[in-house]
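>>> Dropping a prediction and its sequence here:
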Amino acid sequence: MALQGPLAGFIGLSPNYRSTCNDIATSVSSPSIVYFEGSSHFANGIENWSMTNTEIPACSFEPANAHDVGIALGLLAHDQTPFAVRGGGHSPNPGFSSTPGVLIAMTSFSEVVYDQNTETATIGMGLVWDDVYAALEKYNMTVVGGRSSGVGVGGFVLGGGYSYLSNEYGLSVDNIVSLELVMPNGTVASIASSSHPDLFYGLRGGFNNFGIVTTVTMKTHPQSQVWGGSLWYTYDQWGAVNEATANFVSQVTDPKACMYITVDYMHVVIGVPAMMVTLFYDAPTQPDEIFDELLNIPSHQKDVTTRTFLNLIKSFPNTPPLTRIVTHWIPIEQFTVSILQMVENQAMSHGDRASHLDATFLSYDLTPFLPSVYDHSETPSAFPSLRGPEQGHSFIEVLCGWALETSDKVMGELAAESAAHMKQFAVNAGQNIANALLYPNAAPPGTPLVDMYGDAVGRLHSIKSAVDPGDVMGRAGGWKF
């Protein structure tokens with residue numbers, strides 16, 4: 001029996017869920033453990049990035065192997081118990097990695113195995129990208145993963161995955177070679193394009209609809225030191241930064257170059273309206289002085305240097321904000337000066353409104369990519385199922401945070417209003433993004449599936465019905481086909 005915590009075996013507030021917890025504990029192998037409230041492992045296993053995605057489960061289950069995941073799925077299906085799967089816990093959407101039932105914490109799937117012959121890495125779904133980069137650093141290799149410290153592997157790689165390296169190698173889903181999947185009936189299978197083409201398509205962008213992924217095998221790429229870091233600009237320099245950004249976007253076609261802009265009305269570092277610009281070049285130095293226009297603008301703070309890729313990632317700590325969060329996603333075809341000025345106006349006007357409500361932050365994150373960013377996939381994927389010019393190759397992400405649950409409606413409406421305005425502004429400016437698909441990892445709760453998956457929804461429904469006729473995975477949170 002694998003039970004830990006002072007409430008182990010307790011039958012109380014949720015008797016059916018507790019019973020399932022006990023059944024799992026007595027059925028799995030000894031390395032797999034069920035934890036109850038009061039255990040330190042329980043607290044660590046249920047911690048999420050956002051309070052909007054936080055519930056106290058009946059128990060947390062940390063499986064040590066794929067076979068025990070299958071046993072748990074069988075018992076969850078038999079008892080009709082709700083559950084959630086938690087990797088890094090980074091989604092802010094309610095119920096995506098939290099539940100009142102059984103939380104399956106993937107913590108024990110924590111290995112990175114590099115194969116020098118195939119130049120691939122098999123990665124456990126309990127890791128954050130920092131761990132993956134650290135493990136591959138000694139081989140001078142890396143993978144296409146998260147851009148911020150603390151982001152989990154699971155939801156990122158199964159939802160699409162935009163990276164500093166995406167101009168060179170595509171999205172994370174474009175770099176998946178195979179996945180170990182525990183199917184809803186408990187069967188463990190290796191999913192690749194040659195063996196299971198439908199599941200390989202669906203899992204790359206379709207999250208946990210088809211079972212629970214325990215490991216993913218990805219292509220690796222040579223990684224030297226990189227050049228980059230951040231500059232913080234106060235409001236008086238925003239106009240110059242907008243001009244320099246538009247020039248960079250229109251002139252630079254080097255796939256090793258990338259930039260990432262955060263516009264904040266309430267900046268957590270400076271404490272006043274500020275713009276943080278992250279510069280990245282995938283080599284020890286930037287060639288041809290491509291970032292010099294930005295570097296020459298007077299900045300409040302500067303941290304740009306030659307460093308390891310891991311050091312760059314860790315320079316942007318992503319600690320839990322301990323607040324409620326909603327995100328929105330606006331595809332963009334081209335960051336022009338007028339688009340950038342519009343974002344600036346939104347940050348100031350909606351930031352001012354938010355500051356008089358319950359807001360803790362309001363952030364507009366902008367990432368320009370090359371038009372070729374979607375050209376790196378060898379096979380189609382659930383997301384992005386649309387890869388033509390009409391998808392837009394750049395984006396704005398709105399992140400709105402607040403403290404009180406009673407403010408959910410008003411803050412959600414404020415963020416949605418701003419996102420709708422920005423999309424309409426881009427359409428009115430002639431940008432071909434009216435029907436662009438939304439990134440599932442940044443879409444707000446309640447987003448229709450068709451807005452994220454387009455014409456692929458029908459195929460995804462069919463794949464889901466074939467692999468999960470009993471709708472076992474429908475008891476877990478997340479986007480559901």
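Received the coordinates, thanks. The shown structure was predicted, so the numbers you read here are calculated from the model rather than taken from an experiment. Numbering: from 1, shown residues only.
>>> Only C-alpha atoms from now on, for both contacts and neighbour counts.
Will do.
>>> Name the residues of the helix ranked longest in the chain that are buried.
For the chain, the longest helix by residue count, based on DSSP state H, is helix 408-428. Neighbour counts over helix 408-428 (16 or more other CA atoms under 10 Å) mark 408, 411-412, 415-416, 418-419, 422-423, 425-427 as buried.
>>> and if you look at stretch 62-69?
Residues of stretch 62-69 classed as buried by neighbour count (16+ other CA under 10 Å): 62-66, 68-69.
>>> got it, and stretch 305-324?
Neighbour counts over stretch 305-324 (16+ other CA under 10 Å) mark 305-313, 321, 323-324 as buried.
>>> Single out whichever of those residues has the smallest pLDDT.
For the buried residues of stretch 305-324, the weakest pLDDT value sits at residue 321, with 57.
>>> Check the secondary structure at the residue positioned nearest the centre of the chain for me.
Geometric centre of the chain, nearest residue: residue 156, 3.8 Å, by CA atoms, centre = their mean. Put simply, residue 156 is helix when judged by DSSP: H, G, I helix; E, B strand; the rest coil.
>>> so it makes contact with residue 144?
No: Residue 156 is beyond contact range of residue 144, at 10.4 Å (criterion: CA atoms under 8 Å).
>>> where do the contact lists of those two overlap?
Residues touching both residue 156 and residue 144 by CA atoms under 8 Å, 6 or more residues apart in numbering: residue 172.
>>> pLDDT value on the residue nearest to residue 373 when sequence neighbours are not counted, please?
Excluding the flanking residues, the one nearest residue 373 by CA to CA, 6 or more residues apart in numbering is residue 167, at 5.1 Å. Model confidence at residue 167, given as pLDDT, is 98.
>>> count of neighbours near residue 167?
A total of 24 residues lie near residue 167 under the criterion other CA atoms under 10 Å.
>>> Can you give me the buried ones in the helix or strand in which it is found?
Secondary structure assigned from DSSP states H and E places residue 167 in helix 166-169. Neighbour-count burial for helix 166-169 flags 166-169 (criterion: 16+ other CA under 10 Å).
>>> Now residue 334: closest residue in space that isn't a chain neighbour?
Nearest non-adjacent residue to residue 334, counting by CA to CA, 6+ apart: residue 394, 6.9 Å away.
>>> Now for that neighbour: which residues touch it?
Neighbouring residues of residue 394 by CA under 8 Å, 6+ apart: 331-335, 366-370.
>>> quick one: pLDDT of it?
97.
>>> I'd like the distance between it and residue 167.
Residue 394 sits 11 Å away from residue 167, taking CA to CA, to the nearest Å as the criterion.
>>> Now for those two: what residues contact both?
Contacts common to residue 394 and residue 167, judged by CA under 8 Å, 6+ apart, are 369-370.
>>> I'd say residue 205 and residue 438 touch.
No: look at residue 205 against residue 438 with CA under 8 Å: they stay out of range, at 11.6 Å.
>>> Output the below-cut-off pLDDT ranges for the stretch 351-481 of the chain.
Within the stretch 351-481 of the chain, the set of residues satisfying pLDDT under 70 is empty.
>>> SS state for residue 60?
Following three-state DSSP, the label given to residue 60 is strand.
>>> State the distance from the closest residue to residue 367 other than its chain neighbours to residue 341.
Excluding its sequence neighbours, the residue lying closest to residue 367 (CA to CA, 6+ apart) is residue 260, at 4.8 Å. In this structure, residue 260 and residue 341 are 16 Å apart, going by CA to CA.
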